Each structure stands twice: as C-alpha cells, then as structure tokens.
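Student: need a 3D model of the sequence below.
(one chain, ligands or ions: 1)
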Amino acid sequence: MIELEQVAYGYGTGTLLSGVTMSLAQGSFHFLTGPSGAGKTTLMKLCYGELVAEQGKVELFDKNVSEMQRDDVANVRRRIGVVHQDCQFLNHLSLAENVMLPLTVSGRSLHDPSELQELLTWVGLDRQQAAKPPELSGGERQRAALARAVIMSPDVILADEPTGNVDWEMSLRLLQLLVELNRMGKTVMIATHDMNLIRSAKSQVQARVLRISNHQVAVAGANL
Ligand SMILES: Nc1ncnc2c1ncn2[C@@H]1O[C@H](COP(=O)(O)OP(=O)(O)OP(=O)(O)O)[C@@H](O)[C@H]1O
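Tutor: Numbers count the residues shown, from 1 in each chain. Next comes the predicted model:
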C-alpha cells in the first residue's frame, strides 16, 4: 500500500532521512519510533504525500507520488486517514461537525446518518457531539481526531503520537481503537515515543516496530 525505496529528505539544513526503504503491506500494523527530532512526523508526511521525497521513490497504492496528478492526490487523501500530532479543530464548529469535515469539504455525505452516531459511540464521544473543541479534554480531542481520520473509511490510518498528552488509561483505549481498526483490515502505523504502549500492543496485535536512527529506518528487534 505504501512503499518507500531509498528515500531521502531534509529541510535544507542537512539530511534528515536518507536511504529509507520500507513497506506497509495491506492489513499490517506498525509502530514508528525514534528520538525526538529523528524525523517521525516527516516520514509520516512522506507516507501520505504531504511531502515529496528529494531522492528515491514513494509509491502510494502503486502510484509514484512524484508523478501524481491532482486526482491521484485526492484519491490518496481519501484512502489515508491521518491523526495529526497537534489535532487542530475548527473551534466554532461542534465536535460532530468537525468529525464530518473531511466529508463536507469533499462534497460527500454519509450514506446513513446513523454511521456518525455509531462512529462517535465507538470512540466514546456520543454525548459530547454538540460540544465545541475548546470544551474537550486532551483525551476527547485525541479520540475526536481518530474519528475524523476514519470518517472517510480509509484503507490506511497514520497516527502521529495519538497518545501524546493523555493518561495511561486513555492511551490504552486509543490503542485498542487502532487495534480494532486493524482487525477490520485497515493498515495502521503509529508514531510514538512510548515503549510501554508498544509493549502492551504486542499481546493484542502482530506489530512491527520501525525505528529511525542515523537518518535510516530499521526494523527494531525484540529487545525494545
Ligand atoms: N517545516 C520544517 N522546516 C524546517 N525544519 C523542520 C520542519 N519540520 C520539521 N523540521 C525539523 O526536522 C527535524 C525532524 O522533525 P520531525 O517533526 O519529523 O521529528 P519527530 O521525530 O517527529 O520529532 P518529535 O518526536 O519531537 O515529534 C527536527 O529537527 C525539526 O526541527
């Protein structure tokens, strides 16, 4: 689904990623880890076509990102749900409207309005659906961000530090939601610093751990 081959990227201040080769197969579950500033968010952005590799090749759903037309980019955006690290919302809209936003801006709607209720119940936010984002707690915002990422029924979910700023119990709840999505067949990658989260996932899902170090991505061994 997502293939990187010998990819390099930097922001003009030297090399950040180089010689990165990795593949996210359909239905796989990956963690992406590495020190702060190692390039996890940058790698995520390369994986959903937000950034274009300076060298090497990125293929999303068998299409080379550097050769994509506007329609291809729109198609990729529909098929990859991203949970951003800072989970920004429009404060004047309700939680439900924010979750619906990816559909609204693409001029689509749900086949059945009860799907929104189901989704909000699934993330445990059905009672807060009329609340405005500033009224939500950190954990509620993270769950709303996850709901917004899955509203388009994407094939892939990329979650950048989805458990940042929430307590351990909420981290496990968010992890469980991502594991459930994977069981439904979605390809999942979670960027995280939290080794305890990775360890707890291991009993629930067959997860691979990718680690960024020295500008490269390697599969981490068992001794996390
Ligand atoms: N738009 C940008 N312009 C210039 N430098 C940037 C930009 N975005 C990120 N960087 C730099 O690139 C490096 C990697 O950033 P990135 O956010 O990918 O790391 P990260 O591993 O996700 O970090 P963290 O774990 O702290 O979120 C950092 O040194 C950062 O300052």
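Student: from here on, just use CA atoms for contacts and neighbour counts.
Tutor: OK.
Student: tell me where the chain has helices.
Tutor: 40-47, 70-79, 95-105, 114-122, 138-150, 168-183, 195-201 (DSSP state H).
Student: which other helices and strands does the first one contact?
Tutor: Right, helix 40-47. With contacts defined as 3 or more CA pairs under 8 Å, 6 or more residues apart in numbering; DSSP states H and E, the packing partners of helix 40-47 are strand 55-60, strand 156-160.
Student: repeat that for the third one.
Tutor: Helices and strands touching helix 95-105, as assessed by 3+ CA pairs under 8 Å, 6+ apart, comprise helix 114-122, helix 138-150.
Student: could those go into JSON lines alongside mean pLDDT, distance to the ligand and mean neighbour count?
Tutor: Formatted as JSON lines, those follow (pLDDT from 0 to 100; distance: least, CA to the nearest ligand atom, whole Å; neighbours: other CA atoms under 10 Å):
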{"stretch": "helix 114-122", "mean pLDDT": "90", "distance to the ligand": "27", "mean neighbour count": "15"}
{"stretch": "helix 138-150", "mean pLDDT": "91", "distance to the ligand": "16", "mean neighbour count": "24"}
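Student: redo the ones you listed as TSV? Include distance to Asp160.
Tutor: Below are the helices and strands packed on helix 95-105 laid out as TSV (distance: least, CA to CA, whole Å):
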stretch	distance to Asp160
helix 114-122	20
helix 138-150	11
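Student: and those: which comes nearest Ala25?
Tutor: helix 138-150 (18.6 Å; CA to CA).
Student: can you tell me which residue is nearest the centre of the protein?
Tutor: Nearest to the mean C-alpha position of the chain, by CA atoms, centre = their mean, lies Leu158 at 1.8 Å.
Student: what bridges to that residue?
Tutor: Val82, Met189 (DSSP bridges).
Student: that one: what's it in contact with?
Tutor: 44, 80-83, 188-191 (CA atoms under 8 Å, 6 or more residues apart in numbering).
Student: tell me how far stretch 40-54 is from the chain's mean position?
Tutor: When C-alpha coordinates are averaged (CA atoms, centre = their mean, to the nearest Å), stretch 40-54 and its chain have centres 12 Å apart.
Student: ok, now stretch 191-203?
Tutor: Counting by CA atoms, centre = their mean, stretch 191-203 comes out at 15 Å from the chain centroid.
Student: repeat that for stretch 178-188.
Tutor: With CA atoms, centre = their mean as the basis, the mean position of stretch 178-188 lies at 12 Å from the chain mean.
Student: buried set for that stretch?
Tutor: For stretch 178-188, burial by neighbour count (16 or more other CA atoms under 10 Å) applies to 178-179, 181-182, 186-188.
Student: which one of those residues is nearest Leu17?
Tutor: Val188 (21.3 Å).
Student: returning to what we had before: lowest-confidence stretch among the helices of the chain?
Tutor: Ranked by mean pLDDT, the helices of the chain end with helix 70-79 at the bottom, a mean of 86.
Student: other residues contacting that helix?
Tutor: Contact with helix 70-79 is made by 48-49, 60-61, 152-156, as judged by CA under 8 Å, 6+ apart.
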